[in-house]
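Colleague: 3D, please:
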Amino acid sequence: MRGTQTVYSNVKLTAERDADTGGLVWKTESPTPLTGGLLDEHYYFYYPYQARASILGQGGCSPSSLR
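Modeller: Numbering: from 1, shown residues only. This is a model prediction of the structure:
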C-alpha cells in the first residue's frame, strides 16, 4: 500500500540466497522488478501463497490495524 492505494496485490515472492553476500533476495515470477521503499508504504505478507487470495479486511488484517 502506498498511502491508501494498493500498488501491488497478491504477488508471489520467492526468497533466494545472494551468491556474493549470502543475504536473502526476494524475487517475483515476472522479470519486471517491483518498485517501492517510499516512506508512506506498508507491506502485508501471508503464507502459504494462494493464487486467489485476498486478505485485507479478513481476520483483523487491514492497513489501519497493522500500523
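
Colleague: which secondary element of the chain has the worst mean pLDDT?
Modeller: Within the chain, no helix or strand scores below strand 24-28, which has a mean of 86 by mean pLDDT, DSSP states H and E.

Colleague: packing partners of it?
Modeller: strand 13-17 (3 or more Cβ pairs under 8 Å, 6 or more residues apart in numbering; DSSP states H and E). In short, each C-beta sits where N, CA and C put it, glycine included.

Colleague: distance from the chain centre to the strand it packs on, please.
Modeller: Relative to the chain's own centre, strand 13-17 is displaced by 12 Å; criterion: Cα atoms, centre = their mean, to the nearest Å.

Colleague: now do stretch 3-13
Modeller: 6 Å.

Colleague: is residue 25 in a bridge, and if so with what?
Modeller: Residue 25 forms beta bridges with residue 16, as assigned by DSSP bridges.

Colleague: ok now do it, which residues does it touch?
Modeller: 15-18 (Cβ atoms under 8 Å, 6 or more residues apart in numbering).

Colleague: any idea how far residue 28 is from the residue in the chain sticking out farthest from the centre?
Modeller: The C-alpha centroid of the chain is most remote from residue 20, which lies 24.2 Å away (Cα atoms, centre = their mean). According to Cβ to Cβ, to the nearest Å, residue 20 stands 20 Å off from residue 28.

Colleague: got it, and residue 46?
Modeller: Distance from residue 46 to residue 28, by Cβ to Cβ: 16 Å.

Colleague: what of residue 18?
Modeller: 16 Å.

Colleague: low pLDDT regions in the chain?
Modeller: 53-67 (pLDDT under 70).
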